Each structure stands twice: as C-alpha cells, then as structure tokens.
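K.L.:
Predicted coordinates and the sequence they were generated for:
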Amino acid sequence: MPQPEPSLFDSQAPRPLADRLRPASLSEVVGQDHLLGASGPLARMVAARAIASMVFWGPPGTGKTTIARLLAGATDLQFEAVSAIQGGVADLRKVFEAAKGRRAGGRGTLLFVDEIHRFNRAQQDAFLPYIEDGTIILVGATTENPSFELNGAILSRVRVFILNALDADALRLLLARAEQAIGRPLPLAAAAREALLGMAGGDGRYMLNMVEQIVTLSDGDELDVEAMGQLLQRRLPSHDKAGDGHYDLLSAFHKSLRGSDPHAALYYAARMVTAGEAPEAVFRRLACAASEDVGMADPNAMVQVITAWQAFERIGWPEGRLFLAQAINYVATAPKSNASYAGWDAAVSAARRTSHVAPPMRILNAPTRLMKDIGRHAGYQYDHDFPDAYAGQEFLPDELAGSTFYAPNERGFERDVRRRLEFWAGRKARQNG
C-alpha cells in the first residue's frame, strides 16, 4: 500500500531501534552474503541494473523488506509496498495503474508484497499480466515454502532466493551497531550477551527489540542470564507447527534416528516438544523410522515404539517423557536396515510392469470341479509335508521366476533372516536342478 504522508510531528516521535538501524545500502545488510556478496545474484543484478521479479523466502527478521527497498533505490525504481494481510485486489489495482503511468514516463516500479503467500490463487493471478508486460517488477516475501504456497504461474515467472536466519556473527555485528547507536555497551554479563544471541533465534529485528527493552527497563546494573530472562520474559522457542519449521525439525529428528545419533535425536525431539509440538507427532515419526530404517534388523524396535506410545497415552506427562526418551534411544541405537522398504518399492515396480500376469495355476485354489478340471491347484505341494516345512516351490509367475525383492543385510536380526533365505534358496536350487 502507498506509504502515508509524513506528519509534522514525525521528527519528534521516537523511532524503534530496528528502524533506526535499517541499512542505508546493500553493503550494510548482514547475514546474506550468498545473495549480496560480490558474486551473489542480487549484486550482479544491481551491477547490471537489471532487476528480475523474485520471491524472498526466509524466516522473520532476515532483511526481506530492507533488501527490496534497497534494490529499488540502487536501480532508480519506484518502491511500492503492499501487505497481503492488510491489502487486497483493490489496493493492487491502484498500484498497477500508478505503475502504468510511471512506466509511460520512463520509470519502472518495484512492487514489494509482504506475506505474499497469504494471497489466494486468484489474487496471485492478478500479478501475472503486469509482470509479463514489465509494468512492475515483483518482489514477494514469504516465510512459507513457495513450492506449496504460490501457484505455478507465479513461480514460473520469478526467481526464488532463500534468505538465511542470521548466524551468531551476523547478530554480533548487529548488536555492535546497536550499542554504537545507543552510545554505550549493554549492561550484560558475557554469558548473558551470548544468551541474547541465542534467544534471537536468527531474527535480527527481534534481537534489536530485546536490546531496546534492556536499555529501557534495566537500571544500569549488569544483568546475568537469569536476570535478563526475567526482564525480557523470554519467548518460547520458534516452532510453527503448521509451517516449514515443523517439517524441518521432524526431518532433522528422523535423519538423526537413521544416522544412529541418539544425542541429536533427543535434542530435536526436545526442541519440538518444548515448543508445543504434540508428542503424538514425535511418536508417529518414531514409528516410521522403526520400520523404514530399522526394519527387520531389529523387529523389536516397532514393538518398543508402539508400547512406549501406548504407555504415554495411558500415563501422560511428566512420566511420559521417560517412555518417549526410551523409544528414541532404542530406535537410534538399533541396527539399521531399509531392506523391507527397498523390497516393497522393488515389488511395486515389478507389479506395475506385470499387472496382466496371472499367478501359477498350481497355487490357485480350486473350490469347484470345473476349476480342478482346468488345472488349478494341480501340483501344489503342501510345505508342512516336507523337511523344515519347505517344499521349494516357485510362487511367482513364470515371467518373474527367481526374482528377489527383499535382500536382508548382515546387521542385527536380519543376519539370521539372510542365512535362512540362503538356506532355502540352496535347497530350492537342488530340488529344481
């Protein structure tokens, strides 16, 4: 939406620290060197004075709005901003009309759309003709995965750039700038200073807001970690149960289980639970890992997870944490095999290729005389009539005879399963040879 006209008293109104420290040039932006460094794509666009439409995807407080504004200033484009939360199609039409007139006069328009994923598909389509004819250069900002939240027509016309959460070095630089603007160091002990960076969670704007609270509310005495936490009323860890953070932590948790790292698995589970994730979501992922990544190497892993899950549902917190932790440690330290998972995928692939093929007649039941007359069940061998309850018949269709889908490895219980299959395969070869 168009920015409001400045008030007569604006110069007297206090400005938030985050606003006062807003970078005046792209070189002052911290934490996004992969985009703004000398060889970064945005730096190259500015050097060529050729800004393409794009979408910035990243967590809050990483500079999306600031970079868009500075890109416009560096290339002499008119900067216009709308918010998908506050604005609608009517506001967009006004911007488009103004941009048309501006273009006729020889000047382009960079339209920044904050929270662009909040526009529905029809609203997103409104941008398309104006992007295509050059009326606007669109710069969208989103905290959600554009692949899921933006329609394909938009994605095909923009470049997606990922903005990183600010790391510790970037936050320290921002903190130093804040202290320079304030005119004195923050009254924080060394440990509290580091804790402040951790509390920011990669969000520069949030950290600057906390800095402002410390300056305003503290009495000047040095604060330790506990005193600073009480002063700021520390927020819960950042974790959007409906957004990408949810899936990122679940992914990190599952990969830690697969990688036999109980320490990391416990950590990511704790991250999710302390941030408000339902324990059921953690147990669901545990059950998946117990089958996908442990499987027959230790069939008891699934039993452990389901038993712990049931115990948790019956007893609840706080004792339930013991069941969750035990299940996590069991799955993480169990021998690993994805042979069942891989075997299923191989069987599905074969099934799709041979869906027209009938099973061998000898293993089909013949409940009627007609079925017997046409050869169904003829030659079937009852396995329990043979030594070791194994007759060595071929059950697959002739086109797939001898195929193997399940290939157990040498880890854990699956070692015994492998030996058993090898024994049966040898006997089958001798009987049919």
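P.N.:
Everything's here; your move.
K.L.:
Would you map the helices across the stretch 1-150 of the chain?
P.N.:
Taking DSSP state H, counting those that start in this stretch to define them, one finds helices in the stretch 1-150 of the chain at 17-20, 33-36, 41-48, 64-74, 89-104, 121-125, 128-132, 146-149.
K.L.:
hey, which helix is longest across the chain?
P.N.:
helix 414-432 (DSSP state H).
K.L.:
about what we covered before: kindly state which of the helices of the stretch 1-150 of the chain is positioned closest to residue 157.
P.N.:
Ranking the helices of the stretch 1-150 of the chain by proximity to residue 157 (Cβ to Cβ) places helix 128-132 first, at 5.2 Å. Just so you know, the C-beta spots here come from the backbone N, C-alpha and C atoms, and that holds for glycine as well.
K.L.:
With only the CA atoms kept, save the closest one in PDB.
P.N.:
Output in PDB follows, covering the C-alpha atoms of helix 128-132 (Å, rounded to 0.1, in the frame of the first residue of the first chain):
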ATOM      1  CA  LEU A 128       0.700 -12.100 -14.000                       C
ATOM      2  CA  PRO A 129      -0.100  -9.700 -16.800                       C
ATOM      3  CA  TYR A 130       1.800  -6.800 -15.100                       C
ATOM      4  CA  ILE A 131       4.900  -9.000 -14.500                       C
ATOM      5  CA  GLU A 132       4.800 -10.100 -18.100                       C
END
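K.L.:
Mind listing what's buried along it?
P.N.:
Using 16 or more other Cβ atoms under 10 Å as the test for burial, helix 128-132 gives 130, 131.
K.L.:
Just put the helices of the stretch 1-150 of the chain in TSV and tack on mean pLDDT.
P.N.:
Formatted as TSV, the helices of the stretch 1-150 of the chain follow (pLDDT from 0 to 100):
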stretch	mean pLDDT
helix 17-20	88
helix 33-36	94
helix 41-48	95
helix 64-74	95
helix 89-104	90
helix 121-125	87
helix 128-132	93
helix 146-149	84
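K.L.:
Out of those helices, which is the most enclosed?
P.N.:
helix 64-74 (a mean of 20; mean count of other Cβ atoms under 10 Å).
K.L.:
Please name every helix or strand in contact with that one.
P.N.:
Helix 64-74 is packed against helix 41-48, strand 54-57, strand 78-83, strand 109-114, strand 137-142, with contacts defined by 3 or more Cβ pairs under 8 Å, 6 or more residues apart in numbering; DSSP states H and E.
K.L.:
closest one to residue 263 among these?
P.N.:
Closest to residue 263 of the helices and strands packed on helix 64-74 is strand 54-57 (Cβ to Cβ; 30.3 Å).
K.L.:
So what's the residue count around residue 395?
P.N.:
As a burial measure, residue 395 scores 10 neighbours (other Cβ atoms under 10 Å).
K.L.:
okay, the helices and strands packed on helix 64-74 in TSV with distance to residue 373 next?
P.N.:
Listed next are the helices and strands packed on helix 64-74 as TSV, based on distance: least, Cβ to Cβ, whole Å:
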stretch	distance to residue 373
helix 41-48	74
strand 54-57	68
strand 78-83	77
strand 109-114	74
strand 137-142	68
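K.L.:
of all these, which lies closest to residue 409?
P.N.:
That would be strand 54-57 among the helices and strands packed on helix 64-74, by Cβ to Cβ, at 39.1 Å.
K.L.:
do you know which of the helices of the stretch 1-150 of the chain lies nearest residue 345?
P.N.:
helix 146-149 (23.8 Å).
K.L.:
Can you report how many residues lie near the residue nearest to residue 228 when sequence neighbours are not counted?
P.N.:
Once flanking residues are discounted, residue 228 sits nearest to residue 192: 4.6 Å by Cβ to Cβ, 6 or more residues apart in numbering. A count of neighbours around residue 192, defined by other Cβ under 10 Å, yields 21.
K.L.:
what does residue 118 give?
P.N.:
With other Cβ under 10 Å as criterion, residue 118 counts 16.
K.L.:
Surely it is in contact with residue 84?
P.N.:
Yes: counting by Cβ atoms under 8 Å, residue 118 does reach residue 84; the two are 3.7 Å apart.
K.L.:
what's the span of stretch 195-208, first residue to last?
P.N.:
End-to-end distance of stretch 195-208 (Cα to Cα, to the nearest Å): 14 Å.
K.L.:
and if you look at stretch 23-40?
P.N.:
Using Cα to Cα, the end-to-end distance of stretch 23-40 comes to 18 Å.
K.L.:
What are the buried residues along that stretch?
P.N.:
Per 16+ other Cβ under 10 Å, stretch 23-40 contains these buried residues: 26, 29, 30, 31, 32, 35, 36, 40.
K.L.:
Check stretch 49-66 too.
P.N.:
Buried-residue list, stretch 49-66, by 16+ other Cβ under 10 Å: 51, 53-59, 61-66.
K.L.:
Stretch 169-179 too?
P.N.:
Neighbour counts over stretch 169-179 (16+ other Cβ under 10 Å) mark 170, 171, 174, 175, 177, 178 as buried.
K.L.:
residues touching residue 302, list them.
P.N.:
287, 290, 291, 294 (Cβ atoms under 8 Å, 6 or more residues apart in numbering).
K.L.:
filter those to the buried ones?
P.N.:
Looks like these have 287, 290, 291, 294 buried, using 16+ other Cβ under 10 Å.
K.L.:
just checking, the first one touches residue 303?
P.N.:
This points to residue 287. No: look at residue 287 against residue 303 with Cβ under 8 Å: they stay out of range, at 10.8 Å.
K.L.:
what's the closest non-adjacent residue to residue 138?
P.N.:
Excluding its sequence neighbours, the residue lying closest to residue 138 (Cβ to Cβ, 6+ apart) is residue 53, at 4.2 Å.
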